[in-house]
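**Student:** quick one, what's the 3D model for this:
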Amino acid sequence: MLEGKAVVIETDMSEALQSRCLELAYQALDLHEVSDCQTIAQFIKQTVVNNKVMFDNCLSNQKFDEAYGSAWHCVVGLDFGSCITHLCGNFIFFRVETVEFLVFKDGKELTESKEEAIGVLQKAGKVDS
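**Tutor:** Next up, the predicted model:
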């Protein structure tokens, strides 16, 4: 477990969602080895929302994607670079001691992306209408 305070490097999230991301990061660091970045990232993305904070009209006791909409991504590491596209109001990059966290929502909902992919395949003649 790391005892340091989170330092938000860049964000455009609401205070409520920022707090939720930081809370999940602290929980993940308490439960998992600091060196197991993939498990920490999975925990943040898949953890059950235990509080009653409402965001985007979603209630508690749901996975992060279900609570805040799909298309969320989480990157955790000791040193990494990134170049991403995200929805406005859905991005945070922060550090807890030596571990960095990047949590963001991209611009496509899962069903939208699937429908778009099927449309492209149909145009190419690779999928029956």
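
**Student:** got the contact list for the nearest residue to residue 37 once chain neighbours are set aside?
**Tutor:** Taking C-beta to C-beta, 6 or more residues apart in numbering as the measure, residue 37 lies nearest to residue 76, with 4.3 Å between them; neighbours along the chain are not counted. Where C-beta positions appear, they are placed from N, C-alpha and C, glycine not excepted. Residues counted as contacts of residue 76 (C-beta atoms under 8 Å, 6 or more residues apart in numbering) are 28, 37, 38, 40, 41, 44, 99, 100, 101, 102.

**Student:** now, which of those sits nearest residue 10?
**Tutor:** Using C-beta to C-beta, residue 102 is the member of those that lies nearest residue 10, at 9.3 Å.

**Student:** show me the contacts for that closest one.
**Tutor:** By C-beta under 8 Å, 6+ apart, the contact set of residue 102 is 73, 74, 75, 76, 80, 82, 84, 92, 93.

**Student:** same thing but at 7 Å, please
**Tutor:** 75, 82, 93 (C-beta atoms under 7 Å, 6 or more residues apart in numbering).

**Student:** of those residues, closest to residue 3?
**Tutor:** Proximity to residue 3 was ranked across those by C-beta to C-beta; first place goes to residue 93, at 20.8 Å.

**Student:** mean confidence score for stretch 80-94?
**Tutor:** Per-residue pLDDT values across stretch 80-94 average out to 89.

**Student:** try stretch 32-50
**Tutor:** Here the mean pLDDT over stretch 32-50 is 81, rounded to a whole number.

**Student:** just the C-alphas of that stretch, formatted as CSV.
**Tutor:** Included here for stretch 32-50 are C-alpha records, laid out as CSV according to Å, rounded to 0.1, in the frame of the first residue of the first chain:
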residue,chain,number,x,y,z
HIS,A,32,-3.2,-5.3,-4.8
GLU,A,33,0.6,-5.2,-5.1
VAL,A,34,1.9,-1.9,-6.5
SER,A,35,3.8,-3.8,-9.2
ASP,A,36,0.6,-5.4,-10.5
CYS,A,37,-0.5,-2.5,-12.6
GLN,A,38,-2.9,-4.5,-14.8
THR,A,39,-4.9,-5.8,-11.8
ILE,A,40,-5.1,-2.3,-10.3
ALA,A,41,-6.4,-0.9,-13.6
GLN,A,42,-9.0,-3.8,-13.9
PHE,A,43,-10.1,-3.1,-10.3
ILE,A,44,-10.7,0.6,-11.0
LYS,A,45,-12.6,-0.2,-14.2
GLN,A,46,-14.6,-3.1,-12.9
THR,A,47,-15.2,-2.3,-9.2
VAL,A,48,-18.6,-2.1,-7.7
VAL,A,49,-19.7,1.5,-6.9
ASN,A,50,-20.5,1.3,-3.2
